[in-house]
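Q: Here is a sequence with its predicted model. Questions after.
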Amino acid sequence: MGVKMRGVNVMNKIRLSYLLFFLVIFCLLLFFVSLGRWDLWGPDEPRYAEVAREMLMSGNFVLPHLNGEVYFDKPPLFFALIAFSARLWGEMSSFAVRFPSAFFATLTILLTYLLGKRLFNQRVGFFAALILATNVEFWWLAHRANIDSTLTFFTTLSIAGFYLGFRYPGSRLFFYLIAFLSMGLGFLTKLQVAAIVPGLTLLTFMVATRKFSLLKDWKFYLTLPIFLFIVLAWIVSAYQLGGSQYLLQLFYYKTSAMFFKEVSHPKPLFYYFEAFPAGFAPWFIFFPSALILAFQNPYRKQPEVIFLLGWFITNFFFFSLSKGKRELYLLPLYPAASLLVAFLWERYLSSDQDKLLQKLVRVPQYLLLVILTLTALALPLVVYKAPSPIASNYIFALPLSFLILGGVAFVFFNRFIYPERSFLGVTTIIGLFFLFTATFILPQINQYKSAKPFSQKVAALVKDSDKLSFYGLEGAEFNYYTGFIRVKRFYQVEDLKKFFLTREQVFCLIPKKTFNQIQGKTNIPFYPIISEKIGRQEILLITNCQ
């Protein structure tokens, strides 16, 4: 007992500023190192970068455009952030495009630490921040120009604001102001979900604790107009520029309809029961134990635990009911999952006489050490057997493998004497593996995923965007890397036929599979010029002149 308490005392003596500084450095290493060493990969990254590029060109920061046409899928804030980042760094580079995601991921890590400290204690907050930073999905999206890292910061800040306002009546006005301001900015990032996640969390907490005083507090209604003002100000501006059709497309067909209809990304009801364990790896191995602990007496009656369970479980089932599903949609739930696992570890470190706690942590810990050992042993062989560019990193995989094995040994021998060190050892191992992946693996995969080399060839051959068309694809990556805007898009063979029936030479980018399907359906002479496999599909550049 005394040995474990020494770990508690050391953690409590570390000043807040030191831990925040450590987390900032940790995030800089984990999220920003090599952030711009590979190109933007489809489908989302080049599309969002192109929307931001056209936003900069037009000066219209209210109504997003893609390929010169109104972009209905998302509201403008995230694209404006990319545009601002490009101005900040002096160019529209892959680093600048991804910078907002990495930046807001870092802010979410710091916010999770501060929230955990307020909910429980400093160690829970610190552990939760490390867990959140070192799970697969959160780390990956911090390296992607996707909206969800930014959205997750706003939803987390909203949820934290509402809970802290409820907990600290003297500062309630301030916290509610922060909550509604963040919700408004989140709404401009990804619309309804920015209000749904905090709303369901708050509603579940009030119902479970039977504390509805929040809805009777005048401070709640005094700050609510902040959210309404942000949303309505943008809606009015968007209506003036895009009309009712834009708002209908944005608020229903591109968002709400996805909940009821299989508009895009259709997945079965239980999809997230498979996707979340993979996304929250490797820390998911402790998550079932965290849920078991949370439902035990006396923890299930603690408001803090009820709050975290409501945050995760209610929203998890809400997202599961949606017809359209993607792994990244669950990202706003990851801070809650990280705090639950951190709470499990904190209880384990503070209660060495509780046999249930010992089993809840040690069994998954042993399993994780086995997985890490097997990963370390297999890593050099996997890299060596990979395609040529990746295999060249074999020499770097060997020392990483030894470091992981050394870390596993460190964790194993400290699991009883200094269990706090064993947790930090696991975090270090995972962090090193992620750092290796970003530095040596992802840049080598770039040649298989990037549309940039092929786009440069297309731009060298075509010269004029009026003579280029897309058939059967959105083509945003080619807009971005060729610099062409207002490229014609065709989805019917007859439309492509009319475009090709001209005396001047015209071109079309088309998936090879689609080209093979339509080639025999028309007598138009299609002449393939160049082709390249980008990701999972091969793209052809065809023309009407031999």
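A: It's in. Numbers count the residues shown, from 1 in each chain.
Q: Quick check: mean pLDDT of stretch 332-352?
A: For stretch 332-352, mean pLDDT is 94.
Q: Could you export it as PDB, CA atoms only?
A: This file holds the C-alpha atoms of stretch 332-352, laid out as PDB (Å, rounded to 0.1, in the frame of the first residue of the first chain):
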ATOM      1  CA  PRO A 332     -16.800  13.100 -29.900                       C
ATOM      2  CA  LEU A 333     -17.300  10.100 -27.500                       C
ATOM      3  CA  TYR A 334     -13.600   9.300 -27.200                       C
ATOM      4  CA  PRO A 335     -12.900  11.800 -24.400                       C
ATOM      5  CA  ALA A 336     -15.600  10.100 -22.300                       C
ATOM      6  CA  ALA A 337     -14.200   6.700 -23.000                       C
ATOM      7  CA  SER A 338     -10.700   7.900 -22.100                       C
ATOM      8  CA  LEU A 339     -11.900   9.400 -18.800                       C
ATOM      9  CA  LEU A 340     -13.700   6.100 -17.900                       C
ATOM     10  CA  VAL A 341     -10.500   4.100 -18.500                       C
ATOM     11  CA  ALA A 342      -8.400   6.600 -16.600                       C
ATOM     12  CA  PHE A 343     -10.800   6.400 -13.700                       C
ATOM     13  CA  LEU A 344     -10.400   2.600 -13.700                       C
ATOM     14  CA  TRP A 345      -6.600   2.900 -13.500                       C
ATOM     15  CA  GLU A 346      -6.800   5.600 -10.700                       C
ATOM     16  CA  ARG A 347      -9.000   3.300  -8.600                       C
ATOM     17  CA  TYR A 348      -6.700   0.400  -9.200                       C
ATOM     18  CA  LEU A 349      -3.700   2.500  -8.100                       C
ATOM     19  CA  SER A 350      -5.400   3.700  -5.000                       C
ATOM     20  CA  SER A 351      -7.100   0.500  -3.800                       C
ATOM     21  CA  ASP A 352      -4.700  -2.400  -3.800                       C
END
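Q: Outline the domain layout of the chain.
A: With domains defined by automatic domain parsing, the chain comprises 2-353, 361-449, 452-543.
Q: pretty sure residue 195 is touching residue 183, no?
A: Yes: at 5.7 Å, residue 195 counts as touching residue 183 under the criterion of C-beta atoms under 8 Å. In this view, the C-beta of every residue, glycine as well, is placed from N, C-alpha and C.
Q: Could you name every residue contacting both of these two?
A: Residues touching both residue 195 and residue 183 (C-beta atoms under 8 Å, 6 or more residues apart in numbering) are residue 227.
Q: that older thread, and the domains of the chain, which is most packed in?
A: The highest mean neighbour count among the domains of the chain, using mean count of other C-beta atoms under 10 Å, belongs to domain 2-353: a mean of 19.
Q: Just want the most central residue of this protein.
A: residue 141 (3.5 Å; C-alpha atoms, centre = their mean).
Q: ok, the closest residue to that residue other than its chain neighbours to residue 161 distance?
A: Setting aside the residues directly before and after it, residue 141 is nearest to residue 149 in space (C-beta to C-beta, 6 or more residues apart in numbering), at 4.9 Å. The gap separating residue 149 from residue 161 is 19 Å, by C-beta to C-beta, to the nearest Å.
Q: now residue 502
A: Residue 502 is 59 Å from residue 161, by C-beta to C-beta.
Q: With residue 177 instead?
A: Going from residue 177 to residue 161 by C-beta to C-beta gives 8 Å.
Q: do the same with residue 173
A: Distance from residue 173 to residue 161, by C-beta to C-beta: 11 Å.
Q: With residue 220 instead?
A: From residue 220 across to residue 161, the span is 11 Å (C-beta to C-beta).
Q: what do those two both touch?
A: Counting by C-beta under 8 Å, 6+ apart, the shared contacts of residue 220 and residue 161 are residue 176.
Q: Tell me the backbone dihedrals of residue 543, please.
A: Here is the backbone geometry of residue 543 (degrees, to the nearest 10): phi -140, psi 170.
Q: Sorry, wrong one. I was asking about residue 509.
A: For residue 509, the backbone dihedrals (degrees, to the nearest 10) come out as phi -100, psi 130.
Q: Quick check: residue 212 touching residue 206?
A: Yes: here residue 212 reaches residue 206: they are 5.4 Å apart, a contact under C-beta under 8 Å.
Q: And the strands in this structure?
A: For the chain, applying DSSP state E gives strands covering 65-66, 69-70, 468-471, 488-490, 507-511, 527-534, 537-543.
Q: Quick one: low-confidence residue ranges for the stretch 351-500 of the chain.
A: 388-389, 391-394 (pLDDT under 70).
Q: No further queries at this time; thank you.
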